[in-house]
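K.L.:
Requesting a structural model of the entry that follows:
(chains A, B, C and D)
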There are 2 protein chains.
Amino acid sequence: MGPNQKVVGANAERSRSHNRQMVLDRVRLAGRIGRAEVARGTGLSTQAVSNIIADLLSDGLIRECGRLASVRGQPPVQYGLNPAGGYAVGVEIRPDAIFAAVLDLTGAPVATSRQALRAGDLRGVTEAVRGATTAILKSARVPEERALGVGIVMPGPFGRTGLSETGSALPIFQEVAPAEWFSQALGLPVVVENDANAAAVAERVAGVARGLESYAYLYFGNGLGLGIVEQGRLFAGAFGNSGEIGHVPVMAGGHSVPLESVLSRLSVQRYMQEGGASIDSSEGLAAAFASRDARLMAWLERAAEPLSNAITIIENVLDPEAIILGGAMPDAIFDHLIAHAVLAEQSVAQRPNRSAPRLLRGHSGPLTGTLGAAALVINRAFTPRIAAAT
Amino acid sequence: MGPNQKVVGANAERSRSHNRQMVLDRVRLAGRIGRAEVARGTGLSTQAVSNIIADLLSDGLIRECGRLASVRGQPPVQYGLNPAGGYAVGVEIRPDAIFAAVLDLTGAPVATSRQALRAGDLRGVTEAVRGATTAILKSARVPEERALGVGIVMPGPFGRTGLSETGSALPIFQEVAPAEWFSQALGLPVVVENDANAAAVAERVAGVARGLESYAYLYFGNGLGLGIVEQGRLFAGAFGNSGEIGHVPVMAGGHSVPLESVLSRLSVQRYMQEGGASIDSSEGLAAAFASRDARLMAWLERAAEPLSNAITIIENVLDPEAIILGGAMPDAIFDHLIAHAVLAEQSVAQRPNRSAPRLLRGHSGPLTGTLGAAALVINRAFTPRIAAAT
DNA sequence: TGGTTAACTCAGCTATATTGAGCTATCAAG
DNA sequence: CTTGATAGCTCAATATAGCTGAGTTAACCA
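P.N.:
Below is the predicted model:
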């Protein structure tokens, strides 16, 4: 969240940690890989890679996975991630509940939980997060030393902004820096992001963005957010509030309205309600779509143009490899939106040699944000940086 | 341009180079600074800084600038950049001419030149760039070993895109990677970017973005581009074509048109021409503005809304510290645009504790791109990275 | 069976940062 | 004017970690 990384001087120790993470990232990306190939990919000597691999093995983060039968020479010993080598907790703070999840090192979910949030004040939220964290770690039987950290997703924007009055943000964190606060309270490393960023990272850890370096994630939460990843790094903006694409004005019905008022979870719910149908669950939406509910189809019709508009903006401003659509809506609706989006012909994205489609469907469903929160931690464990968290 | 940096393994040697650049960047940023303060700022030991400073001194990149009278203790020896320690060449390739400039290490211009471009084919352009480079280095009396590199600005988008047919790009570089090509041809390190990115970097090296880490530069060239800098790094996008904000559709006169058709140098020229006045120089525009030419004022009036629109998009999607307006137009017009832009109240940018205004005027005038090209090189010399240029 | 290739290992080397002791220059208080 | 405090700086010793080059191992191929 925000500028929480600072470029820092390199020394032997930090070099090692940087290289370790780089090797780990290679292993993750490749699935299984030999040392020599890691060396070629990282620019390190085989010897250095050997030492680091030995380290990672003894830490239990990776494991041997047989040998590759190659064409010539000694067949390389393959290494892959050890799923049980580390676990990440994800916590999503919503107005009325705390969702939690545990992922293993490969990004596979191990446990999920939900508990009501009674008190919305600082102490109440902190206690609830602490409770959820210890409970889910216990229920997933994660040994203490295998807990890599906690990712927390909470509604943005962060800090004091002109949007604070909208009530979407957690006002209790306008003054307290949430990451440090929770890290202190939980005794574990903590990453805090908004839902869109978390979802974006999750797709890279284990999802459709695997192998992508630069992409954008259009996240349908209550509002509409945009998670931006470039060269493997989250784009945070100066104050950690990038990606508020929901507030961009678009034309709808002849006048200019905020994008998220016509393209978001809340928007579809309101529209359905105006039509007489009250739907407040993903299942309800999925059912309405399955039965081709007229009101829902009308909303989809109406949403197509603003969506295309948003895509044009994202493609031209950010030049991503692909745009991922996902969040708190049913799969089928995203598939429909993707199928019916009108993609501009005149666009830098309209390149003949694309490797990924311009639009992808990401993880969807009510737990997207929670799983994304945990993915933040996994991602950080794999991201090399000669930079210290503040 | 594009993904031309690759994260690479750290070793002692690369650590040193990283630290060197970090120290140099501190010195640049501070103007004059003592070793102890550099050490505190970089996280290095004073000893390490001492060694690096000695290195930089003997390389002539920095120089002693007296001592600071501090409150207590031994007054620290101050160091500052040595302007003559290195020179950067900037080359801007336009359809009909090659502009060149030389900057010293502090970013101050030392020489500029212009020569006609006869042949627009690969060989012709290459020869012209080589000619311009050697000529201007000679005329500025830069010793060979003091030439840091060449920054080249050419119209994007780069590579094959859906926009290639628009003719704005240099088609000869659709297949050849320009940076490697010119580096080979010139025997010097080469950085290639589009005009907007170059201008953005220039403001950071010596301009209004000094001290800013995350900002966006709205560049008025023939079209309209956006240079994005986050945490001191250029945001390139997946294929080096980020920032094509000119192609984003906006409402004007009741229907949707590309932003740059109502907000760009070409747009104002066309509009004036339709009104009967043919203006094709910055001086002409400045004069028209000074005399409050009715047609120009009408254009400005018409441009205000699309500009506000663009600003809203940039602020919400990128959350910059500030947005800089600049490029190939007169100062006065930018000042007018800034004064008359309507900034959304409902924006993440509307924060109470801003340090920079939301809009700034950057360098303007016909040489903005050329000077920016040279600034790219300066910037690279100061940017620490455990990453090798490809 | 012997040659070729590539992966891997071992031991010594080197580059660089850190640590701690000690020196030096300035300011402020007595 | 002396003394103490503070901060900048230097020197020498130490530690970390990656690199190099020679040697070993395991497969394939003729």
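K.L.:
count of residues packed around the residue in the stretch 51-200 of chain A positioned nearest to DNA strand C?
P.N.:
Closest approach of the stretch 51-200 of chain A to DNA strand C (CB to the nearest atom of the strand) occurs at A:Gly73, with a separation of 2.0 Å. The C-beta positions use only the backbone N, C-alpha and C, and glycine is treated the same way. Other residues within reach of A:Gly73 by the criterion other CB atoms under 10 Å in any protein chain shown amount to 7.
K.L.:
touching chain B at all, the top helix by length along chain A?
P.N.:
As assigned by DSSP state H, the longest helix anywhere in chain A is helix A:294-318. Yes - between helix A:294-318 and chain B, judged by CB under 8 Å from any CB of the partner chain, the touching residues are A:Asn309, A:Thr312, A:Ile313, A:Ile314, A:Asn316, A:Val317, A:Leu318.
K.L.:
what pLDDT does A:Ile279 get?
P.N.:
For A:Ile279, the pLDDT comes out at 84.
K.L.:
hang on, it in a strand?
P.N.:
No - remark: A:Ile279 does not belong to a strand; assigned using DSSP: H, G, I helix; E, B strand; the rest coil, it is coil.
K.L.:
roughly how far apart are the residue lying closest to it once chain neighbours are set aside and A:Arg94?
P.N.:
For A:Ile279, the nearest residue in space outside its immediate sequence neighbours is A:Met272; the separation is 5.0 Å by CB to CB, 6 or more residues apart in numbering or on different chains. Here the criterion is CB to CB, to the nearest Å. By it, A:Met272 lies 21 Å from A:Arg94.
K.L.:
do the same with A:Arg146
P.N.:
Taking CB to CB, one finds A:Arg146 at 27 Å from A:Arg94.
K.L.:
for the record, mean pLDDT for stretch A:94-104?
P.N.:
Per-region confidence: stretch A:94-104 scores 95 on mean pLDDT.
K.L.:
got it, and stretch A:383-390?
P.N.:
Mean pLDDT, taken over the full extent of stretch A:383-390, equals 54.
K.L.:
What are the buried residues along stretch A:34-42?
P.N.:
Across stretch A:34-42, burial judged by 16 or more other CB atoms under 10 Å in any protein chain shown covers A:Gly34, A:Arg35, A:Ala36, A:Glu37, A:Val38, A:Ala39, A:Gly41, A:Thr42.
K.L.:
How many residues are close by A:Ala200?
P.N.:
Around A:Ala200 there are 32 residues (other CB under 10 Å).
K.L.:
Ok, A:Asp280 next?
P.N.:
By other CB under 10 Å, the residues close to A:Asp280 number 11.
K.L.:
Is it in contact with A:Gln269, as I believe?
P.N.:
Yes - assessed by CB atoms under 8 Å, A:Asp280 is found in contact with A:Gln269 at 6.4 Å.
K.L.:
Validate this expectation: A:Glu213 resides in a strand.
P.N.:
No - inclusion of A:Glu213 in a strand is not indicated when three-state DSSP is applied; the result is coil.
K.L.:
how many neighbours does it have?
P.N.:
With neighbours defined by other CB under 10 Å, the count for A:Glu213 comes to 15.
K.L.:
mind listing what it touches?
P.N.:
By CB atoms under 8 Å, 6 or more residues apart in numbering or on different chains, the contact list for A:Glu213 reads A:Val229, A:Glu230, A:Gln231, A:Gly232, A:Glu321, B:Pro3, B:Ala238.
K.L.:
The second one: what's it in contact with?
P.N.:
If you count contacts by CB under 8 Å, 6+ apart, A:Glu230 has them with A:Glu213, A:Ser214, A:Leu318, A:Pro320, B:Phe235, B:Ala236, B:Gly237, B:Ala238.
K.L.:
Need the phi and psi values for it.
P.N.:
For A:Glu230, the backbone dihedrals (degrees, to the nearest 10) come out as phi -130, psi 130.
K.L.:
So it versus A:Ala39, what's the distance?
P.N.:
Here A:Glu230 is placed at a distance of 27 Å from A:Ala39 (CB to CB).
K.L.:
now the first one
P.N.:
Going from A:Val229 to A:Ala39 by CB to CB gives 27 Å.
K.L.:
before we move on, the earlier item: save the contacts of A:Glu230 as CSV, and put in pLDDT and distance to A:Ala339 too.
P.N.:
Written out in CSV, the entries for the contacts of A:Glu230 read as follows (pLDDT from 0 to 100; distance: CB to CB, whole Å):
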residue, pLDDT, distance to A:Ala339
A:Glu213, 92, 26
A:Ser214, 96, 24
A:Leu318, 97, 23
A:Pro320, 96, 20
B:Phe235, 96, 30
B:Ala236, 91, 31
B:Gly237, 93, 26
B:Ala238, 92, 23
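K.L.:
mind checking the SS state of the residue lying closest to A:Arg118 once chain neighbours are set aside?
P.N.:
Leaving aside its sequence neighbours, A:Arg118 sits nearest to A:Gly124 (CB to CB, 6+ apart; 6.3 Å). Here A:Gly124 takes the helix state, with states given by three-state DSSP.
K.L.:
Verify the stated contact: A:Gly124 with A:Arg130.
P.N.:
No - because the distance of 10.9 Å does not satisfy CB under 8 Å, A:Gly124 is recorded as not touching A:Arg130.
K.L.:
Those two - which one has more neighbours?
P.N.:
Ranked by neighbour count (other CB under 10 Å), A:Gly124 and A:Arg130 place A:Arg130 first, with 16 against 13.
K.L.:
Pull out the buried positions in the host helix or strand of the more buried one.
P.N.:
Element membership for A:Arg130, per DSSP states H and E: helix A:122-139. For helix A:122-139, the buried set under the neighbour-count rule, 16+ other CB under 10 Å, comprises A:Val125, A:Thr126, A:Ala128, A:Val129, A:Arg130, A:Ala132, A:Thr133, A:Ile136, A:Leu137.
K.L.:
surely the first one meets A:Val91?
P.N.:
In other words, A:Val125. No - in terms of CB under 8 Å, A:Val125 does not count as a neighbour of A:Val91; the distance is 10.3 Å.
K.L.:
Which residue comes closest to A:Ile136 once chain neighbours are left out?
P.N.:
Among residues not flanking A:Ile136 along the chain, A:Ala100 sits closest, at 4.5 Å (CB to CB, 6+ apart).
K.L.:
beta partners for that neighbour?
P.N.:
Beta-bridge partners for A:Ala100, by DSSP bridges, are A:Val91, A:Ser113.
K.L.:
what residues are up against it?
P.N.:
Contacts of A:Ala100 (CB under 8 Å, 6+ apart): A:89-92, A:112-115, A:132-133, A:135-136, A:370.
K.L.:
Equivalent analysis for A:Ala303, please.
P.N.:
Listed by CB under 8 Å, 6+ apart, the contact set of A:Ala303 reads A:Val262, A:Leu263, A:Ser267, A:Val268, A:Leu337.
K.L.:
how many neighbours does the nearest residue to the third one once chain neighbours are set aside have?
P.N.:
This points to A:Ser267. What sits nearest to A:Ser267 in space, not counting adjacent residues and going by CB to CB, 6+ apart, is A:Ser261, at 5.9 Å. If you count neighbours by other CB under 10 Å, A:Ser261 ends up with 18.
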